[in-house]
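**Q** I would like the atomic coordinates for the input below:
(one chain, ligands or ions: 1)
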Amino acid sequence: LAAMKITISEDKSLPAAKKIKIRDIAQHIGQRVEIQGWIHRLRLQKGRAFIILRDGTGFLQCVLTGDLANAYQTLTLTVETSLYVFGTISKLPEGKSAPGGVELAADYYTIVGLAPSGKESFTNKIQEDLDPNLLLDRRHLALRGETLSAVMKVRASVLGAVRRVYQEEGLTEVTPPCMVQTQVEGGSTLFKMDYYGQEAYLTQSSQLYLETCLPALGDVYCIQESFRAEKSHTRRHLSEYTHIEAEMAFISFEDLLDHIEKVIVKTVAYVLEDPVAGALVKQLNPGFVPPKMPFKRLQYIEALDWLNENGVPNEEGNPFKFGDDIAEAAERKMTDTIGVPILLTRFPVEIKSFYMPKCSDDPRVTESVDLLMPTVGEITGGSMRIYDKDELLAGFKREGIDPASYYWFTDQRVYGTCPHGGYGLGTERILAWLCNRFTVRDCSLYPRFTGRCTP
Ligand code: 4AD
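**A** Numbers count the residues shown, from 1 in each chain. Predicted structure coming up:
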């Protein structure tokens, strides 16, 4: 009852508060500030309330004392309530700990939106032992958690770092369409759509478009959503993922391999250098060892020998033979055992895409590469591209693809063809590796996979 009588009001004689973000707190020690954020954690004691405030740039401990702590409004605060908090920042004394080593002695606060309590409370909705499906239904709330939000921050840093690397390497960013009428990686995973009465698809890869840009813009890249109707539930397949793709003109297969490892090594280095993302990677994946150049290179044929020598069977449970696909389980076993990044090269023609050229010294295999990382396996797939028109048409024929709708792609081989190659990187897979996540679903903002398109 006493608490009901206490009214909270601002002492107008205090110095004006400067509105700041938590990330800038260290520059404001001793000053009165205003922070706007959400209650991440809450501890109410007699005469003292501790709020861990979150504003998207960091976490800050706010301490409420006296009437401010005892007021009814404070006693009925809930986690995820949004607030404006006013107070003075101080360094924490030795032996006490809080995020950033500082705390805010609050002198006033106002509630913007009071979050529910009881059954509808945030803590009740997002419990650690919640069924993963329910957690996905509540992804909009789960994203506020420390782990998911940390992965999303690292994700932003990865995308920024990769753009920086491409700029340094002289590649130009382009934005190809997502609605297309051609396939790149096989008809079985195409998402079909009705496009004003015509059949169209959601893009599986922007590769073909990037190829057409080479004579216009030189080396190019894009960061675009790709879509795959993957029927199986695995740790590393999404129906929609953020595809980082690059394409380069007048390169050799060796140049392509060198470029891929350079992009990975530099991107990871920039993320680790980033004060925010670097610290988050350490927190999420304390044992992370940044990859070093040069990466181990292994030919498909050598990988088969390794698998057979180490008793890893193919999908039918038999020893591997030439032409077998090295499926996810076997690939992971091999990569985890070898324990370093592997550039796996020269896959057989029949298990690879229509556009991949044959190796001049062995026509059974192609100038193709997958980059495999311990704990996730394949994070990158790439190849040189057939640049002779007739050879390309034979590739279409082999795969049963009608070349008519690819006229613009074959024209690239007509009007000044050139040797070229490129690759695609799965953003969520890089993140699963970098942040040590069990599945790529934890690395996508709102993951899409079989049966899930909500929220
Ligand atoms: O190996 P993929 O299928 O290669 C291509 O699409 C080429 N056309 C790319 C190119 O050369 N421009 O896919 C490339 C990468 C894979 O290594 C993987 O990291 C990721 O894209 N990826 C997926 N990530 C999540 N969910 C899926 N369903 C994925 N499919 C491929």
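**Q** hmm, who's touching stretch 358-371?
**A** Surrounding stretch 358-371, the residues in contact under the criterion Cβ atoms under 8 Å, 6 or more residues apart in numbering are 253, 256-257, 260-261, 264, 295, 299-301, 322, 341-349, 352, 356-357, 378-384, 421, 423. All C-beta atoms are positioned from the backbone trio N, CA, C, and that covers glycine.
**Q** residue boundaries of the strands in the stretch 51-200 of the chain?
**A** If you assign secondary structure with DSSP state E, counting those that start in this stretch, the strands in the stretch 51-200 of the chain sit at 59-65, 82-91, 102-113, 172-173, 179-180, 191-195, 198-202.
**Q** ok, which of these comes nearest the ligand?
**A** The closest of those to the ligand is strand 191-195. By Cβ to the nearest ligand atom, the value is 11.4 Å.
**Q** what residues does the stretch 251-400 of the chain have near the ligand?
**A** Taking Cβ under 6 Å from any ligand atom as the criterion, the neighbours of the ligand within the stretch 251-400 of the chain are 378-382.
**Q** from the middle of its chain, how far away would the helix-or-strand element of the chain with minimal mean pLDDT be?
**A** Ranking every helix and strand in the chain by mean pLDDT, DSSP states H and E puts helix 2-5 at the bottom, with a mean of 74. The chain centroid and the centroid of helix 2-5 are separated by 49 Å under Cα atoms, centre = their mean, to the nearest Å.
**Q** after it comes which helix or strand?
**A** Tracing the chain C-terminally past helix 2-5 and defining elements by DSSP states H and E, one meets strand 18-19 next.
**Q** ok, residues contacting that next one?
**A** Residues external to strand 18-19 that are found in contact with it (Cβ under 8 Å, 6+ apart): 28, 31-36.
**Q** buried subset of these, written for ChimeraX?
**A** Applying 16 or more other Cβ atoms under 10 Å to the contacts of strand 18-19 leaves a buried subset, and the ChimeraX line that selects it is:
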select :28,32,33,34,35,36
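**Q** quick check: the gap between the closest residue to the ligand within the stretch 251-400 of the chain and Ile89.
**A** When you check the stretch 251-400 of the chain against the ligand by Cβ to the nearest ligand atom, the closest residue turns out to be Gly381, at 2.3 Å. The spacing between Gly381 and Ile89, counted by Cβ to Cβ, to the nearest Å, is 49 Å.
**Q** enumerate the residues of the stretch 51-200 of the chain near the ligand.
**A** Applying Cβ under 6 Å from any ligand atom, we find that the stretch 51-200 of the chain lies next to the ligand at 184-185.
**Q** so the longest strand that the chain contains versus strand 102-113, what angle?
**A** Ranked by number of residues, the top strand in the chain under DSSP state E is strand 32-45. Angle of strand 32-45 versus strand 102-113, following axes from the mean of the first three to the mean of the last three Cα atoms, to 10 degrees, is 80 degrees.
**Q** how many degrees apart are strand 32-45 and strand 82-91 in direction?
**A** Using the same axes, to 10 degrees: strand 32-45 against strand 82-91 is 100 degrees.
**Q** how many neighbours does the residue of the stretch 251-400 of the chain closest to the ligand have?
**A** Neighbour count for Gly381, taken as other Cβ atoms under 10 Å: 20.
**Q** so it is in which element?
**A** Secondary-structure element containing Gly381, defined by DSSP H and E: strand 377-384.
**Q** report the strands that pair with the helix or strand that contains Ala49, each with its relative direction.
**A** Element membership for Ala49, per DSSP H and E: strand 48-54. Strand pairing for strand 48-54, determined by DSSP bridges: strand 32-45 (antiparallel), strand 59-65 (antiparallel).
**Q** pLDDT weak spots in the stretch 1-150 of the chain?
**A** Applying pLDDT under 70 to the predicted model, the residue ranges of the stretch 1-150 of the chain that meet it are 1.
**Q** in it, what residue is nearest the ligand?
**A** Residue nearest to the ligand within the stretch 1-150 of the chain: Leu136 (16.1 Å; Cβ to the nearest ligand atom).
**Q** quick check, that residue in contact with Cys453.
**A** No. Distance between Leu136 and Cys453: 10.9 Å, which falls outside the contact criterion (Cβ atoms under 8 Å).
**Q** the two: which is more packed in?
**A** Neighbour comparison, Leu136 and Cys453: the larger count goes to Leu136, with 17 against 11 (by other Cβ under 10 Å).
**Q** from Ser444, how far out is that one?
**A** From Leu136 across to Ser444, the span is 11 Å (Cβ to Cβ).
**Q** kindly report the same for Asp361.
**A** Counting by Cβ to Cβ, the gap from Asp361 to Ser444 is 40 Å.
**Q** what's the domain layout of the chain?
**A** If you go by automatic domain parsing, the domain ranges for the chain are 2-120, 139-443.
**Q** is it possible to get JSON lines of these that adds distance to Pro132?
**A** JSON lines is the format used below for the domains of the chain (distance: least, Cβ to Cβ, whole Å):
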{"stretch": "domain 2-120", "distance to Pro132": "21"}
{"stretch": "domain 139-443", "distance to Pro132": "9"}
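**Q** deepest of these, which one?
**A** Using mean count of other Cβ atoms under 10 Å, the stretch among the domains of the chain with the largest mean neighbour count is domain 139-443, at a mean of 18.
**Q** that one: end-to-end distance?
**A** Looking at domain 139-443, the gap from its leading to its trailing residue is 12 Å under the measure Cα to Cα, to the nearest Å.
**Q** so where's the stretch 201-350 of the chain shaky on pLDDT?
**A** Using pLDDT under 70, nothing in the stretch 201-350 of the chain is flagged.
**Q** can you list contacts of stretch 316-326?
**A** 300-301, 303-304, 307-308, 312-315, 330, 334, 344, 348, 350-351, 364.
**Q** strands - which of these land there?
**A** Counted as lying in strands by DSSP E, out of those, are 344, 364.
**Q** which of the contacts of stretch 316-326 fall in helices?
**A** Assignment to helices by DSSP state H places the following of those there: 300-301, 303-304, 307-308, 330, 334.
**Q** name the nearest of the residues you listed relative to Asn285.
**A** For Asn285, the nearest member of those is Met334. The distance, counting by Cβ to Cβ, is 21.5 Å.
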